[in-house]
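Visitor: Here is my input, please return the structure:
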Amino acid sequence: MKTSQRIAAALLAAAWSVRAEIVVGPAVPPPVAAVATGTVGAAVSGEVAPTGAVDRLVLLGGEWLRGMLVCMDPVSGMAVWRHPAVAEPIRFHVSSLAEVQLGPRGGRTSPDVGGLVRLTNGDEIRGEVRSLDGALLLLANTPAGDLRLRREMIVEIVPGGTADVLYEGPNSLEEWTCRGDRTRGWQYRDGALWPLMPMPLGLRVENMGDAVRIDFTVDWRSTPGYFSFWFFHEKPEDPQGDAYMLNLVAGQRMDLNRMRASGGAQNLGAVEMGETAMLNQSMRVSLFAHRGLGEVAVMINGKLVRQWKDPREFKGRGNAVTFMPQGARDFRLTEIRVARWSGVLPQTAPSTSRRDVDTIVLANGDQMSGALERVADGRFVVQTPFTPVEVPADRVVQAVLAPSKAARARRRSGDVRLRLVGGGIVTMELAGLDGRWITGSSENFGETRWPVAAVRRIEFNLYGERHGSSDD
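Guide: Sure thing, here's the model as predicted:
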């Protein structure tokens, strides 16, 4: 049996096992042009995804297949999928889907603003914080345009500004350096880096400076991925010398080591991550490091896990970062971002024990508590116990709103979670999806639509049992 026939048979078996339906049509598949112009699946949505996209559909049981997501219709409960090995499009019932990972599409870009709003349901939306009053926050320049977020749904406001990003990717395997033949040790596909064998893969980041923030997303298989992450060293393809090395067993534990050019290492401490790591085998790692102060902190999925203080002077002057897998094909890396850091660590909760006050964190590390009355004309107006205080927005690192006044968007059976290119999470009740737009609604911001090009992953069946996917 030919490879294409085996793939087709496997797809048809998977479709049958999850109650998928084969779309009735001619025995000869329509030409590519027909797909691009929207004749396939037009009865469902009227528009179809552009050709050239390589998507990945993952079922609740962990099975997966590549192809292209054409459209979705929540009313019929069907997702239309195309695969080159199957003559006709396949309809999968949405109730059988775990997620769809979307390949790059034309016009895909990351947000060029550094502002961020975190919501009570765990969503994170990047944009420009324009204004805030007692009811609404206006967040401009998001992928969905201007959003009006209900104030009681907001946990945290990070005004930001233009992010000083030094690197964002991965964009190809060629921009990374590897010891020996990198194509033997690593693979780039579907917008991700995949290790093939234990071989270091690194990148030299120009103008890194002493204070840096490094973010990346790790997705692993049925067993947690174990790897080391080196930073502040000289050779990206050969990590050694004065450096810091973070060992991470995804979903279990991590520790930080101070490496010395003279040989040896000092373990600065370990931490068990426990329930911090997500059970769906995906997590976002945010590392904050200041080599001059010898301070390192790590957040997992927005939660501060550990802070370290190096008791000795750190002499490493390198500007390289390196991933070193300790096992083959255990995980994949996406959304890697290196940016300069202000040196002020984001707070995950107010430093005060009072739940009825807002907390404002300034760029110099100072904090003030009171009531954040409004944001307007580039200024935060805070009513303190003594007097109103106006603070320029560029001096505000973070505003954490009073927990006692918070509310949370209700969960709905039709909710999906969008993970956005360049960072960001949006949960909403799905209304439809075609080749260009994902439409839906949420109590956080009302009805809206998001460009498919701005989304890297769509997660389904959020509140039931989910299984990790396999790459075997």
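Visitor: got a pLDDT number for residue 194?
Guide: In this model, residue 194 is scored at 89, pLDDT.
Visitor: pretty sure it contacts residue 183?
Guide: No - contact status for residue 194 versus residue 183: not in contact, 11.6 Å apart, counting by CB atoms under 8 Å. Just so you know, the C-beta spots here come from the backbone N, C-alpha and C atoms, and that holds for glycine as well.
Visitor: out of the two, which sits in the more crowded spot?
Guide: Neighbours were tallied for residue 194 and for residue 183 using other CB atoms under 10 Å; the higher tally belongs to residue 194 (19 against 12).
Visitor: Does anything pack onto the helix or strand harbouring that one? Which helices or strands?
Guide: Following DSSP states H and E, one finds residue 194 within strand 192-195. If you count contacts as 3 or more CB pairs under 8 Å, 6 or more residues apart in numbering; DSSP states H and E, strand 192-195 packs onto strand 186-189, strand 320-325, strand 331-340.
Visitor: Only C-alpha atoms, please: export that strand in CSV.
Guide: Only the C-alpha atoms of strand 192-195 are listed here, as CSV (Å, rounded to 0.1, in the frame of the first residue of the first chain):
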residue,chain,number,x,y,z
ALA,A,192,7.7,25.6,15.9
LEU,A,193,11.1,24.2,16.8
TRP,A,194,11.2,20.4,17.3
PRO,A,195,14.2,18.6,18.7
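Visitor: next structured bit after that strand?
Guide: By DSSP H and E, the next helix or strand past strand 192-195 is strand 201-204.
Visitor: If you count contacts, what does that next one end up packed against?
Guide: Judged by 3+ CB pairs under 8 Å, 6+ apart, strand 201-204 is in contact with strand 177-178, strand 320-325.
Visitor: Within the sheet, what are the partner strands of the first one, with directions?
Guide: Right, strand 177-178. strand 201-204 (antiparallel) (DSSP bridges).
Visitor: and the strand it pairs with, C-alpha only, in PDB?
Guide: The C-alpha trace of strand 201-204 is given here as PDB (Å, rounded to 0.1, in the frame of the first residue of the first chain):
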ATOM      1  CA  LEU A 201      20.200  25.000  19.500                       C
ATOM      2  CA  GLY A 202      21.000  28.600  20.300                       C
ATOM      3  CA  LEU A 203      20.700  32.200  19.200                       C
ATOM      4  CA  ARG A 204      22.900  35.300  19.600                       C
END
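Visitor: ranges for the helices of this structure?
Guide: Applying DSSP state H to the chain gives helices spanning 3-17, 32-37, 182-185.
Visitor: Quick check, central residue of this protein?
Guide: residue 423 (4.5 Å; CA atoms, centre = their mean).
Visitor: pLDDT weak spots in the stretch 101-250 of the chain?
Guide: Across the stretch 101-250 of the chain, the ranges flagged by pLDDT under 70 are 107-114, 161-163, 190, 221-225, 250.
Visitor: ok, back up a step: any idea which of the helices of the chain scores lowest on pLDDT?
Guide: Averaged per stretch, pLDDT over the helices of the chain is lowest on helix 32-37, reaching a mean of 29.
Visitor: ok, back up a step: winner for burial among the helices and strands packed on strand 192-195?
Guide: Each of the helices and strands packed on strand 192-195 was scored by mean neighbour count; the highest is strand 320-325, a mean of 23, by mean count of other CB atoms under 10 Å.
Visitor: what's in contact with that strand?
Guide: Contacts to strand 320-325, defined as CB atoms under 8 Å, 6 or more residues apart in numbering, come from residues 193, 195, 197-205, 214, 225-237, 239, 331, 333, 338.
Visitor: Might one say that the residue nearest to the centre of the chain is in contact with residue 335?
Guide: Yes - with contact defined as CB under 8 Å, residue 423 reaches residue 335; the gap is 6.4 Å.
Visitor: Overlap of the contact sets of these two?
Guide: Listed contacts common to residue 423 and residue 335 are 215, 284; contacts here mean CB under 8 Å, 6+ apart.
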